[in-house]
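Build the 3D model from these lines:
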Amino acid sequence: MRRMKRLAAAIFLFGCFLAATSASADNYPSRPIRLLHGFAAGGAADTLSRIIADGLSKKLGQPIIVEAKPGAGGNIAADAIAKAAPDGYTIGLVTGAHAISAATYKSLAYQPAESFEMISTLVYYALVIAVRSDYPAKSLGELVAMAKQKPGALSFGSVGFGSTHHLAGELLNAAAGVEIVHVPYRGDSQSVTALLGGEVPVIVGTPVLLASQIQGGAIRGLAVTSPTRTALLPDVPTVQEAGIKGYDVRTWAGLLAPKGTPPAIMAALNAATLDALRDPDLKQRLETAVGGEVRGSSPEEMKALIETEISKWTGVVERAKIPKI
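Prediction:
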């Protein structure tokens, strides 16, 4: 009899939990939502977060509050998202660096694919290899030649260790047979400041932040990392045009939520995201912001992308003999 009572109590409590979860999903969202990202204010991730937050807010009927938690190539923010309550009120924007972390860190407090529920990809975009306008190298070919003459003497800045920017530079080292030393900074803005101040001769940055400096003549774009030129910087050649065949680095941005977020809430977030991406004005803003291509997805497609990227970048790290941290 005592066991029967315990079983009945357990079933009752489980039923209450399911009812509460269902009610929560039915009323979602009933308050503001936090959108975390792992890079400095003013950079590409921050810009994309604010644009998609505006679109989602209109679709969901609640404010979306963007919060930057920069550091460790986005890992600090990813860890915070993974540990947040799985109730749909904390979501995150991650970039290609999210998958790279699995290749560059000995261990993480979370699993890039398994610790999250995927919402949708948002946009794909290239990066830019750039120097100050008065730097002796006028092309990527000239930079490579300089680097070959003085192995280890040149350095390049990025938004941080383990970022796509960092690995794009390391892939260039491997593909061109040079040794340009990586210097991490806390975000795009700091790396640009370092370049202009002469701390580093080269940076790998995002088109959104470098376009005005390139067009204004302060910075020279040597090459974009995609196989084709970008709409934002049509006069900047590709790495492949410089003679480094097969080089292709495009990063991406997508939305995710903590593992265990109810399926009904995840479906609502995916539907709202895809609906927002169909808006011509928002689509143009996203594409203009990074010089890229808007591309939404199913949760399954985004998870498959992350798993594929982990495999790709693990190979790059191993070939380049990059020590894990």
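
From here on, just use CA atoms for contacts and neighbour counts.
Noted.

who's in contact with the residue nearest in space to the middle of the chain?
For the chain, the residue nearest the mean C-alpha position is residue 95 (1.2 Å; C-alpha atoms, centre = their mean). Taking C-alpha atoms under 8 Å, 6 or more residues apart in numbering as the criterion, residue 95 is in contact with 45, 251, 252, 253, 254.

hmm, 10 Å instead?
Residues touching residue 95, when contacts are defined by C-alpha atoms under 10 Å, 6 or more residues apart in numbering, comprise 37-39, 44-45, 73-74, 121-124, 163-164, 251-255, 306.

Strands - which of these land there?
Those of these mapping onto strands are 37, 121, 122, 123, 124, 251, 252, 253, 254, 255, per DSSP state E.

right, and the pair among these with maximum separation?
Distance extremes for the ones in strands among the contacts of residue 95: the farthest pair is 37 and 124 at 16.5 Å, using C-alpha to C-alpha.

When these two are compared, which one has more neighbours?
The neighbour count for residue 37 versus residue 124, taken as other C-alpha atoms under 10 Å, is higher for residue 37 (29 against 21).

Ramachandran angles for residue 169?
Phi and psi for residue 169, reported as degrees, to the nearest 10, are phi -70, psi -40.

okay but it is in contact with residue 158, surely?
Yes: taking contacts as C-alpha atoms under 10 Å, residue 169 lies within contact range of residue 158: 8.5 Å.

overlap in contacts of the two?
Shared contacts of residue 169 and residue 158, defined by C-alpha under 10 Å, 6+ apart, are found at 182, 202, 203, 204.

Looking at those residues, spot the one nearest residue 129.
Of all the shared contacts of residue 169 and residue 158, residue 204 has the smallest distance to residue 129: 4.6 Å, by C-alpha to C-alpha.

Can you tell me the number of residues neighbouring that closest one?
Counted with other C-alpha under 10 Å, the neighbours of residue 204 add up to 28.

Then residue 218?
The number of residues near residue 218, taken as other C-alpha under 10 Å, comes to 14.

That one: what's it in contact with?
Applying C-alpha under 10 Å, 6+ apart, we find residue 218 in contact with 131, 132, 133, 134, 196, 210, 212.
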